[in-house]
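Q: Okay, here's the prediction I keep looking at, along with the sequence it came from:
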Amino acid sequence: MLMLEQLYDLRGEIRETRSRMRRLSARYGGIQGVRYDGIKTCKTNDVKSPAERGAIATIEAEEALADLLRRQEQAQAYIVRWISCVDDISVRRALMLRFFDGMSWPDVTLALGARVEWQSVRDRVTRWCSAWSAEHPDFEPPEYLKPTELSEIG
């Protein structure tokens with residue numbers, strides 16, 4: 001399931017977004033934006049100075065990163081909630097270890113304490129996911145798990 005495979009990368013993307021926000025804040029920490037009648041300004045309504053234009057661009061970048069982070073965290077929460085509904089405890093644990101913690105299948109097998117080859121654990125999870133997909137053929141992940149088209153960014 002593509003949704004599960006996205007979880008590990010999504011966690012990395014969340015860390016990267018938070019890091020970008022910290023770097024942006026550290027670089028331009030003294031800038032405070034104010035909304036006035038829908039116009040973003042810095043100290044005045046006259047946005048002629050390069051410093052004010054830079055401040056506005058920084059504020060807009062912070063807002064865009066905050067929105068991106070919100071969508072990433074929402075997607076992560078959805079996937080984790082989906083995994084938490086798995087009724088088979090060992091499959092649920094394997095899914096979290098593999099896709100949330102990013103462990104390899106051999107490490108998942110060790111963490112589960114399974115006395116089988118790692119391929120057996122992987123195959124069991126794969127069979128469970130295939131069965132679930134067959135039972136839910138119309139499943140469509142929410143919009144925030146789908147990539148955003150550049151034309152939708154406005």
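A: That came through, no problem.
Q: Quick one: residues contacting the residue sitting nearest the centre point of the chain.
A: By Cα atoms, centre = their mean, the chain has its centre lying nearest to residue 72, at 3.0 Å. Contacts for residue 72 (Cβ atoms under 8 Å, 6 or more residues apart in numbering) come out as 10, 13-14, 17. Every C-beta, even on glycine, is put in place using the N, C-alpha and C of the backbone.
Q: where along the protein do the helices fall?
A: 2-27, 50-84, 89-95, 105-112, 118-135 (DSSP state H).
Q: Name the residues of the first one that come out as buried.
A: Burial within helix 2-27, assessed by neighbour count using 16 or more other Cβ atoms under 10 Å, is assigned to 3-4, 6-7, 10-11, 13-14, 17, 21, 24.
Q: packing partners for that helix?
A: helix 50-84 (3 or more Cβ pairs under 8 Å, 6 or more residues apart in numbering; DSSP states H and E).
Q: between the helix it packs on and helix 2-27, what angle do the directions make?
A: For helix 50-84 against helix 2-27, the angle by axes from the mean of the first three to the mean of the last three Cα atoms, to 10 degrees is 150 degrees.
Q: What's the separation between the closest residue to residue 128 other than its chain neighbours and residue 132?
A: Nearest residue to residue 128 in three dimensions, chain neighbours excluded: residue 91, at 4.7 Å (Cβ to Cβ, 6 or more residues apart in numbering). To residue 132, residue 91 is 9 Å away according to Cβ to Cβ, to the nearest Å.
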